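S.K.: Below are the sequence and a predicted model; questions follow.
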Amino acid sequence: MLFYLSLLAALALLVMLGYHYRAIILPHVPNKFRSLFPGLDHYTPLSTFSSQASAGLSSPMFDIEANINDGDSRAGLDERGTQEVLDIVRRERVNFDQARLIRHNQILARNGIDPSGMPLDSKAVTRL
C-alpha cells in the first residue's frame, strides 16, 4: 500500500514539474508527439508587461506601456486571457480592442449576461 502511494506521489510530482517547465521541455519533444497535443505547438509564454506590449497587447484604450513606464512590479497580464485574445485576433482578424470586447462578451454569455449587462435569467429582478 505504501509502495503504491509513494509511486502515485512521484508521478504527481513529475506531472507538476513537467507542467511548470513546459516552455523548456517542449522544444525537445519530437514533432510526431507534438501533433498529439495541438494546443502546445504555439506556446509562447508572455510573463512580463514588456513582452506582452511587444506582442501587440497594448492600445490607446488599454495602455500597458504606462505600466512599464511606472515600474509596475506585477508579472504581467493573465497568460490564459492573453492567449485567448491573441487567438481571437488571429481567427477573426480584428484589432486588439475588438478582440478584448469579443472575449468579454463571451465571458458574459457563459455567465448568463447579455452584452448590455442585463441578466438573461427571466427570474432576475432588474427593477424594484
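M.R.: In hand now; what should we look at?
S.K.: who touches the residue nearest the centre of the chain in this structure?
M.R.: By C-alpha atoms, centre = their mean, the mean C-alpha position of the chain lies nearest to R80, the distance being 0.8 Å. Not one residue lies near R80 by C-beta atoms under 8 Å, 6 or more residues apart in numbering. In short, each C-beta sits where N, CA and C put it, glycine included.
S.K.: what pLDDT does K123 get?
M.R.: Note for K123: predicted pLDDT of 78.
S.K.: sorry, that was for A12
M.R.: Looking at A12, its pLDDT reads 95.
S.K.: ok, now S35?
M.R.: 67.
S.K.: Kindly report the same for L101.
M.R.: If you check L101, the pLDDT there is 91.
S.K.: what number of residues lie near it?
M.R.: As a burial measure, L101 scores 15 neighbours (other C-beta atoms under 10 Å).
S.K.: State the helix or strand in which it lies.
M.R.: helix 96-110 (DSSP states H and E).
S.K.: Flag every buried residue along that helix.
M.R.: The neighbour-count check on helix 96-110 (16 or more other C-beta atoms under 10 Å) flags F96, A99, R100, I102, R103, L108 as buried.
S.K.: Same list (these) but as a markdown table, adding distance to L26.
M.R.: A markdown table is the format used below for the buried residues of helix 96-110 (distance: C-beta to C-beta, whole Å):
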| residue | distance to L26 |
| --- | --- |
| F96 | 26 |
| A99 | 25 |
| R100 | 27 |
| I102 | 28 |
| R103 | 25 |
| L108 | 33 |
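S.K.: Which one of the residues you listed is nearest to L11?
M.R.: Nearest to L11 among the buried residues of helix 96-110: R103, at 35.1 Å, using C-beta to C-beta.
S.K.: In contact with the closest one, which residues?
M.R.: G81, E84, V85, I88.
S.K.: Number of residues surrounding the third one?
M.R.: I take that to be V85. Residues contacting V85 under the criterion other C-beta under 10 Å number 24.
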